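>>> With the input below, show me the fold.
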Amino acid sequence: MARTLLLSLILALGLSACGPSDAQQRRLAEQVTVSEFQYARIPDGTRIVTGTLHNESRERLDNVQLRIAFYDADNRRISSVSVVVQDVAPESNKAFRKPVPTDVDAEGARVQSILVL
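Numbering: from 1, shown residues only. Reported below is the predicted structural model:
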């Protein structure tokens, strides 16, 4: 029994060291913004999103997940995907240009949410 308790404690401590807590994630996400966001379809048909991610915190962000929502010509949400921006230095900006894995015929897109992983 003591061995099981010790293993459970080690596992719990190890998992808590893997990433930020929920409260810490929320606090960090409040200090992360996106500007100059654009959605485009390049000549070969690939859809891309570009912009600048601003990390106003004092922490290095290993992974920031942007949830991108896509809209049709009537401004109805038709799809969404996640895009990850990696390795963002503290108190810095990082430009991103990412292909988006979607086939939808969207007229526009915007950042729906930001999650610090």
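>>> how about the nearest residue to residue 71, chain neighbours excluded?
residue 108 (4.7 Å; Cβ to Cβ, 6 or more residues apart in numbering). Where you see a C-beta, it was placed from the backbone N, CA and C, and this is true even at glycine.
>>> Compute the number of surrounding residues for the one you found.
12 (other Cβ atoms under 10 Å).
>>> ok, it - contacts?
39, 70, 71, 75 (Cβ atoms under 8 Å, 6 or more residues apart in numbering).
>>> Distance of it relative to residue 32?
22 Å (Cβ to Cβ, to the nearest Å).
>>> before we move on, what about residue 95?
14 Å.
>>> Ok, residue 51 next?
12 Å.
>>> can you check residue 56 too?
If you go by Cβ to Cβ, the gap between residue 56 and residue 32 works out to 7 Å.
>>> With neighbour numbers in mind, choose between those two.
Higher neighbour count among residue 56 and residue 32: residue 32, with 19 against 13, using other Cβ under 10 Å.
>>> Helix or strand: which one has the nearest residue to that one once chain neighbours are set aside?
Nearest residue to residue 32, sequence neighbours excluded (Cβ to Cβ, 6+ apart): residue 114, at 5.3 Å. Taking DSSP states H and E as the criterion, residue 114 maps to strand 108-116.
>>> what lines up beside that strand in the sheet?
strand 61-71 (antiparallel) (DSSP bridges).
>>> for this protein, what spans make up the strands?
In order along the chain, the chain carries the following strands (DSSP state E): 32-41, 47-55, 61-71, 77-88, 92-99, 108-116.
>>> can you put those in JSON lines and add distance to residue 24 and mean pLDDT?
As requested, the strands of the chain are exported to JSON lines (distance: least, Cβ to Cβ, whole Å; pLDDT from 0 to 100):
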{"stretch": "strand 32-41", "distance to residue 24": "13", "mean pLDDT": "96"}
{"stretch": "strand 47-55", "distance to residue 24": "14", "mean pLDDT": "96"}
{"stretch": "strand 61-71", "distance to residue 24": "11", "mean pLDDT": "96"}
{"stretch": "strand 77-88", "distance to residue 24": "16", "mean pLDDT": "95"}
{"stretch": "strand 92-99", "distance to residue 24": "19", "mean pLDDT": "95"}
{"stretch": "strand 108-116", "distance to residue 24": "8", "mean pLDDT": "95"}
